[in-house]
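Trainee: Return atomic coordinates for the entry below.
(chains A and B)
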Amino acid sequence: MLLEIKDLDITYGEEAPTVEKVQLSLNEGEILTIVGESGSGKTTVIRAVLGLLSGDGHVSNGSIMFKGKDLNGLSHAQWRELRGKDISMIFQDSGNMLNPVQTIGHQFIEYIQLHSHMSADEAEAKAVEMLTRMHLPNPENILSSYAFELSGGMRQRVGIAMAITFHPQLLLADEPTSALDVTTQAQIVKELMQVVREAGTAMIMVTHNLGVASYMSDKLMVMAGGRVLEYGKAQDILTNPQSNYTKELLAAVPEIGGKRYV
Amino acid sequence: MSEVNTADECLMSIEHITKEFTLSDGNVLRACNDISIEIPRGKTTAIVGESGCGKSTLVKTIMGIHEPTSGRVMFHGQDITKLSDKEKRQNYRHIQMVFQDPATAFNPKMKVKDIICEPLRSFGIISKGEVEQRAKELLRQVDLPQDFANRYPHSMSGGQRQRVGIARALALEPEVIVCDEATSALDVSVQDSIIKLLVKLQQEKGITYIFICHDLALVSLFSHKVVVMQKGRVMEQLPGDKLADSKHPYTKELLGAVFTVH
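Mentor: Have a look, this model is predicted:
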């Protein structure tokens, strides 16, 4: 078992828990998707796995075990070792994650050197290799560009290339394609699937696009109001949803050839 | 009902619109290239395409935010791209807009009632004392509780805020509402309820929608006419319920990029 979450409650400040009683387990190479409306707590769960709850958010009950070790109570140094190497993250808009006043290359090389003993030249070669793997043309040009000079799709490919550089065992992705238009989304979803399957990386993805979830996931979790409504094999839930909420959600997905509003 | 046929009365006629921008390196970018579209009265015309296809530039031209390089937009027998500032102000009483992100479309320091009634106050149609009453009427039309009148935008969900955006667009009783990606920031179930609301308002009031969107599945379910754009040009115009049968290679490519649940 790569990741095992038991009875997880997450609380902000002194309030009642925002997320309650989350249970999940993930084997190596498995892909889990968490779906639910904004405010359902899905992003809070993956942030907790990375030890990055915002503000005064904290794990108030339960455990998050990664490779048999409880992540709660890691020191800053231990977290630094883990994040970006064994566990890494792809954000909704990688443009927001990148420093706007440094070139992509500067940040990419710095990141590689932080987690390895490569020289600057070796790190640059590694960065070029990773960008090439994400089908980015002219990787050298991209390294000398600033984030704002790239399109949303290119920035997202850069974010994915960085996140998979060290073959993480667990990849967390927060709405990785929601900011993109349909054709770019389709390409990036397929590329992402290819790289994680090749490397045997496990992934937890948060999305509200049920079509993407259906395409990618082995397992699915449906959340609403901070609680898990359904959790299990993706195809089982999609073909035979148990909760009314999941049924409503599936019915609301627009499909070509579906029931017209007018 | 949903056929684009000659019986549809044309409310607005976009004729040979071309818009060029001069870039900082002196090159010319042709964002819209000879675009002609007839907008049928009381119907929904969807404009679809990837980012950068020119759909936002076209909307800005329709809304009088910039002047086209050539071509005209005929509405009520006049070319609305050539109006004086005074005429423009009067003209845009009839054409209102709903924006993509309702979180940033409002002044955060204004109460909902003042947001909704600002267009009415601006045209001197109602007095300050009538704001509360009129705001409540408009809230009722968009199925929001009347006590929302005294709330601030931040204390509402994304779907509720988008309803406020629609209420504001309705205030001046316009003939045309331009929706720029009005549901793409929302979750599917919320999107479903907003589309149902827009359809209901259209049936009650005969409003004409111009709906900018990149979700082809959604567009196929409620638009009467679909205009497919690519790289500044119109690729195809067809009835909404015939979108799935399109023979055009680019439309087929866009359709193929939609992820379906089943």
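
Trainee: how many other residues sit next to the spatially closest residue to residue B:171 that is not a sequence neighbour?
Mentor: Among residues not flanking residue B:171 along the chain, residue B:119 sits closest, at 4.8 Å (C-beta to C-beta, 6 or more residues apart in numbering or on different chains). In this view, the C-beta of every residue, glycine as well, is placed from N, C-alpha and C. Residues lying near residue B:119 (other C-beta atoms under 10 Å in any protein chain shown) number 18.

Trainee: What of the one 5 residues further on?
Mentor: Burial of residue B:124, expressed as a neighbour count using other C-beta under 10 Å, amounts to 7.

Trainee: try residue A:77
Mentor: With other C-beta under 10 Å as criterion, residue A:77 counts 8.

Trainee: how about the residues of the stretch 101-250 of chain B near chain A?
Mentor: Residues of the stretch 101-250 of chain B lying close to chain A (C-beta under 8 Å from any C-beta of the partner chain) are B:157-158, B:187-192, B:195-196, B:199, B:202, B:214-218, B:220-222, B:224, B:240-241, B:243-244.

Trainee: Among these, name the ones in helices.
Mentor: With helices defined by DSSP state H, the entries of these inside them are B:158, B:188-192, B:195-196, B:199, B:202, B:216-218, B:220-222.

Trainee: Just name the closest of those to residue A:124, please.
Mentor: Ranked by distance to residue A:124 (C-beta to C-beta), those are led by residue B:216 at 40.4 Å.

Trainee: hang on, isn't residue B:248 packed against residue B:230?
Mentor: No. Applying C-beta atoms under 8 Å, one finds residue B:248 not in contact with residue B:230, separated by 9.9 Å.

Trainee: Using neighbour counts, pick out the buried residues of the helix or strand encompassing residue A:229.
Mentor: Element membership for residue A:229 (DSSP states H and E) is strand A:227-233. Buried positions in strand A:227-233, judged by neighbour count with 16 or more other C-beta atoms under 10 Å in any protein chain shown: A:228-231.

Trainee: Now for these: which two are most distant?
Mentor: Farthest apart among the buried residues of strand A:227-233 - using C-beta to C-beta - are A:229 and A:231, which lie 8.2 Å from each other.

Trainee: Now list whatever residues contact both of these two.
Mentor: residue A:222 (C-beta atoms under 8 Å, 6 or more residues apart in numbering or on different chains).

Trainee: Let's verify the residue in the stretch 101-250 of chain A that chain B sits nearest to: helix, strand, or coil?
Mentor: Nearest residue of the stretch 101-250 of chain A to chain B: residue A:211, at 3.0 Å (C-beta to the nearest C-beta). Secondary structure assignment for residue A:211 (DSSP: H, G, I helix; E, B strand; the rest coil): helix.

Trainee: who's in contact with it?
Mentor: With C-beta under 8 Å, 6+ apart, residue A:211 has these contacts: A:253, B:258-261.

Trainee: residue contacts, the closest residue to residue B:217 other than its chain neighbours?
Mentor: Counting by C-beta to C-beta, 6+ apart, residue A:254 is the residue found nearest to residue B:217 once chain neighbours are left out, at 4.2 Å. Neighbour list for residue A:254: B:188, B:191-192, B:215, B:217-218, B:220-221 [criterion: C-beta under 8 Å, 6+ apart].

Trainee: thinking again about what came up before, which strands and helices lie in contact with the strand holding residue A:229?
Mentor: Helices and strands touching strand A:227-233, as assessed by 3 or more C-beta pairs under 8 Å, 6 or more residues apart in numbering or on different chains; DSSP states H and E, comprise strand A:19-26, strand A:219-224, helix A:244-252.

Trainee: how close does whatever residue of chain B ends up closest to chain A sit to residue B:215?
Mentor: Distances between chain B and chain A by C-beta to the nearest C-beta are smallest at residue B:259, namely 3.0 Å. Per C-beta to C-beta, to the nearest Å, residue B:259 is found 11 Å from residue B:215.

Trainee: for the residue of chain B closest to chain A, helix, strand, or coil?
Mentor: coil.

Trainee: Residue A:79 now?
Mentor: Residue A:79 ends up helix, using three-state DSSP.

Trainee: which residues does it contact?
Mentor: Counted by C-beta under 8 Å, 6+ apart, residue A:79 has contacts residue A:51.

Trainee: and if you look at residue B:222?
Mentor: Counted by C-beta under 8 Å, 6+ apart, residue B:222 has contacts A:260-262, B:44, B:195, B:198-199, B:240.

Trainee: So the closest residue to it other than its chain neighbours, which state does it fall into?
Mentor: Nearest non-adjacent residue to residue B:222, counting by C-beta to C-beta, 6+ apart: residue A:261, 3.9 Å away. Put simply, residue A:261 is coil when judged by three-state DSSP.

Trainee: all helices for chain A, in order.
Mentor: So, for chain A - with DSSP H - the helices run A:42-49, A:76-82, A:94-97, A:104-114, A:120-133, A:139-143, A:152-163, A:182-199, A:210-216, A:234-239, A:244-252.

Trainee: elements contacting the fifth one?
Mentor: Helix A:120-133 makes packing contacts with helix A:104-114, helix A:139-143, helix A:152-163 when contacts are defined by 3+ C-beta pairs under 8 Å, 6+ apart.

Trainee: Could you single out the most deeply buried of these?
Mentor: Comparing the helices and strands packed on helix A:120-133 by mean neighbour count (mean count of other C-beta atoms under 10 Å in any protein chain shown), helix A:152-163 comes out on top with a mean of 24.

Trainee: Which strands or helices does it pack on?
Mentor: Other helices and strands packing on helix A:152-163, by 3+ C-beta pairs under 8 Å, 6+ apart, are strand A:87-90, helix A:94-97, helix A:104-114, helix A:120-133, helix A:182-199.

Trainee: for chain B, which spans come out with low pLDDT?
Mentor: Along chain B, segments meeting pLDDT under 70 span B:1-7.

Trainee: Which parts of it belong to which domain?
Mentor: Domains of chain B are assigned by automatic domain parsing as B:1-94+B:175-262, B:104-173.

Trainee: Need the ones you listed in TSV (columns: distance to residue A:28).
Mentor: Below are the domains of chain B laid out as TSV (distance: least, C-beta to C-beta, whole Å):
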stretch	distance to residue A:28
domain B:1-94+B:175-262	25
domain B:104-173	36
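
Trainee: Of the helices and strands packed on strand A:227-233, which stretch is the most buried?
Mentor: strand A:219-224 (a mean of 24).

Trainee: Spell out whether that one and chain B are in contact.
Mentor: No. Contact of strand A:219-224 with chain B (C-beta under 8 Å from any C-beta) is absent, the minimum separation being 10.1 Å.

Trainee: Can you tell me the strand partners of that strand and which way each runs?
Mentor: Sheet pairing of strand A:219-224 (DSSP bridges) gives strand A:31-35 (parallel), strand A:227-233 (antiparallel).

Trainee: hmm, back to that, export the helices and strands packed on strand A:227-233 to CSV and append columns for mean pLDDT.
Mentor: CSV is the format used below for the helices and strands packed on strand A:227-233 (pLDDT from 0 to 100):
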stretch, mean pLDDT
strand A:19-26, 96
strand A:219-224, 96
helix A:244-252, 92
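
Trainee: Make TSV from those and add distance to residue B:53 to it.
Mentor: Converted to TSV, those look like this (distance: least, C-beta to C-beta, whole Å):
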stretch	distance to residue B:53
strand A:19-26	39
strand A:219-224	33
helix A:244-252	27
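
Trainee: nearest to residue A:12, of those?
Mentor: So among the helices and strands packed on strand A:227-233, strand A:19-26 is nearest, using C-beta to C-beta, at 9.7 Å.

Trainee: angle of that closest one against strand A:31-35?
Mentor: Relative orientation of strand A:19-26 with respect to strand A:31-35: 160 degrees, computed using axes from the mean of the first three to the mean of the last three C-alpha atoms, to 10 degrees.
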